[in-house]
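# My questions are about this predicted structure, shown below with the sequence.
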Amino acid sequence: LTVEIPCLSVSAPGETTHSGLGDATLGTKLGIWSESAAAPGVALSLEAKLANGDETRGLGSGAVNYGGLLRVQKTWGDFTGLGNLGYTLVGEPSIHGERQPRGNPWFAALAQFYALTPATSLLSEVYLKTAEEPGEPNRFAFDLGAKQNVLSWLQLQAAIGKSRRAGNEGGPALRVYVGI
C-alpha cells in the first residue's frame, strides 16, 4: 500500500507562487511472478489520484485519475534494472465552472538502482509521458536520486530531475522529490 501527499510550490514566470498540499495518491502493487535467476519479476501497480489539491492555485488537477502500471525488474548483484509501462484514465476537471478537456496519457520508463550498501542505493530514471492537455508537448525527462532503507517497511527517498527536451519543453524545468 502506498500513500503520497505532495507538498508543492508552483510558480510560472510573472505569476504568484502558490504553495500547499497537492492531490493525494493511493495505490497498491500486486506481484504477478517473482524474480528468479533466469527471469525478471513482474508486478502490476494500481493507483487513484484524488482531487483534494486546489486546482485554481495549480496545486491539484481538479479531477480523480485512475492508473495502472506494468513493472518489470531484474537484479544482477548490486545492480537492478527496471522497466515500467503505464496508462492513466484522467478525469476532466471543472475550473471556475468550465470543463477542461484531458487526454489519457501513456507512461514509459527505464530505471536502475545500484546498491552502495544493503540499506543505501543510488537511482536514475529516464521517462516519457504523453500529454494530458490537448496541444501540450509530451514530457521526456530524467531523475537522479537516492534511497535509504530505514526499517524493513520504511524508506526515505530523494530525487532531482528535469526535462531532456530543448527549452524544457513538456517540463519539468526542475523537479525535486523527497518521500517516505
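Thanks, I have the structure now.

# now what about the least confident helix or strand in the chain by mean pLDDT, what contacts it?
When each helix and strand of the chain is scored by mean pLDDT, DSSP states H and E, strand 94-95 comes last, with a mean of 74. If you take C-beta atoms under 8 Å, 6 or more residues apart in numbering as the criterion, strand 94-95 is touched by 55, 56, 62, 100. C-beta: built from backbone N, CA, C; applies to glycine.

# And the strands in this structure?
With strands called from DSSP state E, the chain shows them at 2-4, 7-10, 18-21, 25-33, 41-49, 65-76, 79-90, 94-95, 98-99, 106-115, 120-129, 139-151, 154-163, 175-179.

# Which positions within stretch 76-88 qualify as buried?
Within stretch 76-88, the residues scored as buried using 16 or more other C-beta atoms under 10 Å are 80, 82, 84, 86, 88.

# Could you do stretch 114-132 as well?
Within stretch 114-132, the residues scored as buried using 16+ other C-beta under 10 Å are 115, 121, 123, 125, 127, 128, 129, 130, 132.

# and if you look at stretch 140-159?
By neighbour count on 16+ other C-beta under 10 Å, the buried set for stretch 140-159 is 141, 142, 143, 145, 147, 159.

# next one: that stretch to chain centre, how far?
Chain-centre distance of stretch 140-159: 12 Å, with C-alpha atoms, centre = their mean, to the nearest Å.

# Tabulate the buried residues of stretch 140-159 (JSON lines), appending pLDDT.
Formatted as JSON lines, those follow (pLDDT from 0 to 100):
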{"residue": "141", "pLDDT": "94"}
{"residue": "142", "pLDDT": "95"}
{"residue": "143", "pLDDT": "95"}
{"residue": "145", "pLDDT": "97"}
{"residue": "147", "pLDDT": "95"}
{"residue": "159", "pLDDT": "94"}
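
# any idea how far residue 93 lies from residue 148?
According to C-beta to C-beta, to the nearest Å, residue 93 stands 36 Å off from residue 148.

# and what of residue 1?
Distance of residue 1 to residue 148, computed by C-beta to C-beta: 20 Å.

# confidence score at residue 12?
As summarised for this prediction, residue 12 has a pLDDT of 67.

# do residue 152 as well
90.

# Could you do residue 173 as well?
pLDDT, residue 173: 80.

# Relative to residue 165, how far out is it?
Per C-beta to C-beta, residue 173 is found 11 Å from residue 165.

# Now do the contacts for residue 177.
Residue 177 sits next to 143, 145, 157, 158, 159, 160, 161 when contact means C-beta under 8 Å, 6+ apart.
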